[in-house]
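**Q** Fold the following and give me the result.
(one chain, ligands or ions: 1)
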Amino acid sequence: MSAEQISDDTISEIEQQLASDGVWIDPSFARTHDISAADEAAIEEAVASAQSADLKVVLVEVDSDDERFQGSFANLSAWLHDDAGGDATYVGWNRWSEPHLSVQSFGDQPDTMSVANVANHEHPDDVADQVVRVQELLDDGNAEAIWWEVPSDERYSWTADEGIQASEVVGGIGVVAALAAVVAGLVVWRRRRRLRPSGFTLPSTVLHTIRAAEDKRLRQQADTEVLALGEAIGSGEPGGSAAALEAWQQALDHYAAARSILSQEAAPADVVGALVLARRGDDARAAAQEGTPGAWRAPVHCWFNPLHDGPTREVTWRGGERDDDRAVDVPACAACADAVRAGREPDDVLDFIEGDRTVHYFRLDLGPWSRTGYGSLERDLLGALRAAGAGRRGSAG
Ligand SMILES: [Zn+2]
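**A** So this is what the prediction gives:
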């Protein structure tokens, strides 16, 4: 139904309401989620009493067919923030993510890390309680500490199920263990992830709209390639040598890890990781089937963007933007290497959106992804993901 689109009239209604008491709740959202007048009053009180954040609450289902916002509360909040400006933290509802509550901050605001996770975990069936809890957590600044006290199987309850599914598909021994380690590895970097601003700022709605379309395309590409790898493995057979069998196991493990990542609403950085894993897995599969002599090693790819094709050469990168960047020797594809040697930054460096700007992936803490340059600096990417997982389990005692 076209009623699913958030119209210009609704936008201006939202903006007026946010300017007055900071809370706008769509009537049909209130009905679906049992938000009473008393609940709304409690949310308004929480917003009014917030000490550390400039809170704005917008509760509405953003439909995935909505042309402007494409199912994403991040897009809606970016739009509202572009109009209103200033420092603000928007709390809303993301239909396609887990947990559903979404907290987006712009400007000088408290850390929102783990806030939605904790609120959702403590009040799984009550949106109003979740929103009130968000305000307390932002003021207390203890969301992350609370979140890491939650047992890991409650934090990521889908892990075990997906492991079984993937292992059934590929029939690989050791796949379940590999999956658990990979997933735990991702948990580690999510925890450490921090914004390190750099680069320039686009109007955030433009940025978010462009990126939403790009993310969607990337996700489709990853789904397609991982599916194709699964089919190739399912219909193929390794050569008889020990090296071929080993390469085949690598193909299975890479496939399982990629599939595990895509089994959830994965962040763009994870989707890129899944693509890299799938391409490596396919390289291992081909090596195993062709019976190439010698142990399989993952091919080297461009450090600036792991999705760049072609042979690489080593270049020395000095960062350019900041004085404290160390010089590093990195593999680069032909185009990126030419740029670096000409003293320029390559045009197509992999970057991700953080708040209202884009940041080169290697300036973010994306755990094993950024540390290994998606495997370009450390060829055994799967090993790095497993090690991160083992470290996490070790420190959790
Ligand atoms: Zn490149």
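
**Q** Can you show me the strands along the chain?
**A** For the chain, strands defined by DSSP state E occupy the ranges 23-25, 55-59, 88-93, 101-106, 312-317, 328-333, 351-354, 357-360.

**Q** between those, which gets nearest to the ion?
**A** Using CB to the ion as the criterion, the shortest distance between the ion and these is 3.4 Å, found for strand 328-333. Using the backbone N, CA and C atoms, a C-beta is placed for each residue, glycine as well.

**Q** Format the CA atom coordinates belonging to that closest one as CSV.
**A** Included here for strand 328-333 are C-alpha records, laid out as CSV according to Å, rounded to 0.1, in the frame of the first residue of the first chain:
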residue,chain,number,x,y,z
VAL,A,328,53.3,1.1,5.7
ASP,A,329,54.2,-1.3,2.8
VAL,A,330,51.0,-2.6,1.4
PRO,A,331,50.0,-4.5,-1.7
ALA,A,332,48.0,-2.4,-4.2
CYS,A,333,46.2,-3.1,-7.5
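
**Q** buried sites along that strand?
**A** Taking 16 or more other CB atoms under 10 Å as the neighbour-count basis, strand 328-333 is seen to contain the buried residues 330-333.

**Q** ok, and of these, which contact the ion?
**A** Applying CB under 5 Å from the ion, the subset of the buried residues of strand 328-333 adjacent to the ion comprises residue 333.

**Q** Turn the buried residues of strand 328-333 into a markdown table, columns for pLDDT.
**A** Formatted as a markdown table, the buried residues of strand 328-333 follow (pLDDT from 0 to 100):
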| residue | pLDDT |
| --- | --- |
| 330 | 92 |
| 331 | 95 |
| 332 | 96 |
| 333 | 96 |
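
**Q** Using a markdown table, lay out the buried residues of strand 328-333 together with distance to residue 11.
**A** Output for these, formatted as a markdown table (distance: CB to CB, whole Å):
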| residue | distance to residue 11 |
| --- | --- |
| 330 | 45 |
| 331 | 47 |
| 332 | 44 |
| 333 | 43 |
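
**Q** Can you name the residue of the stretch 1-150 of the chain nearest the ion?
**A** For the stretch 1-150 of the chain and the ion, the shortest gap (CB to the ion) falls at residue 74, measuring 27.9 Å.

**Q** How about the contacts made by that residue?
**A** Taking CB atoms under 8 Å, 6 or more residues apart in numbering as the criterion, residue 74 is in contact with 94, 102, 104, 208.

**Q** again, 6 Å this time
**A** Under the criterion of CB atoms under 6 Å, 6 or more residues apart in numbering, the contact partners of residue 74 comprise residue 104.

**Q** What's the per-residue pLDDT of it here?
**A** Per-residue confidence (pLDDT) for residue 74: 77.

**Q** Could you tell me which residues of the chain lie near the ion?
**A** Neighbours of the ion within the chain, by CB under 5 Å from the ion: 302, 304-305, 308, 333, 336.

**Q** Pick the one among these closest to residue 319.
**A** residue 304 (11.9 Å; CB to CB).
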